[in-house]
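*Asks:* Whatever this is, show me its structure:
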Amino acid sequence: MNQEIILESLTRALESWIRHASADQLWQVHQAGGLGASIHVDGDIVRARVTLGEPRNALSDIGKTDGRLPVTEAFLGKSIAAWGTPPSQGSPEREQWFLSNELAQTHARQYLMAEVGEKRDVLVRFVDDWIARQG
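*Replies:* Next up, the predicted model:
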């Protein structure tokens with residue numbers, strides 16, 4: 001099995017998931033992490049599918065911020081009026097604010113994309129663990 005091909009497939013699957021995730025899914029990852037993936041290899045064809053809520057693995061903490069709002073391009077250059085003042089961290093209103101705020105969701109997507117790019121070592125570890133289990 002070619003680690004690089006599997007890694008590329010996993011990266012594309014993560015990027016696709018991030019682009020298409022619902023606001024609820026983004027919120028869950030932003031709050032607690034929990035990303036996982038299933039990988040299937042059939043000859044030269046590799047299929048990776050991102051899952052949420054799987055048992056803890058190398059991908060589990062990607063995107064987890066415990067509700068903090070890291071600065072991304074979605075925030076830079078925007079006025080506080082466009083962002084809206086988020087309710088305090090840990091409050092039930094904060095989730096509703098996030099779910100109804102497209103800018104906050106864009107911000108979360110950008111953060112997740114950056115995490116996938118910056119944490120290639122985590123993706124490599126996940127793929128290596130998967131390959132080891134196949135052997």
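
*Asks:* so where's this structure uncertain?
*Replies:* 1, 69-84 (pLDDT under 70).

*Asks:* where do the helices sit along it?
*Replies:* Under the criterion DSSP state H, helices of the chain are mapped to 3-20, 23-32, 80-83, 92-100, 102-118, 120-134.

*Asks:* Quick one: closest of those to Val41.
*Replies:* Between Val41 and these, the shortest separation by Cβ to Cβ is 7.2 Å, and it involves helix 3-20. Using the backbone N, CA and C atoms, a C-beta is placed for each residue, glycine as well.

*Asks:* Let me know the angle separating the closest one from helix 23-32.
*Replies:* Interaxial angle, helix 3-20 versus helix 23-32 (axes from the mean of the first three to the mean of the last three Cα atoms, to 10 degrees): 120 degrees.

*Asks:* Just list what helix 3-20 packs against, helices and strands only.
*Replies:* strand 35-42, strand 45-52, helix 102-118, helix 120-134 (3 or more Cβ pairs under 8 Å, 6 or more residues apart in numbering; DSSP states H and E).

*Asks:* ok so, going back, and Leu52, which of the helices of the chain is closest to it?
*Replies:* Distance to Leu52, taken as Cβ to Cβ, is lowest for helix 23-32 among these, at 6.0 Å.

*Asks:* Thank you kindly, that will do.
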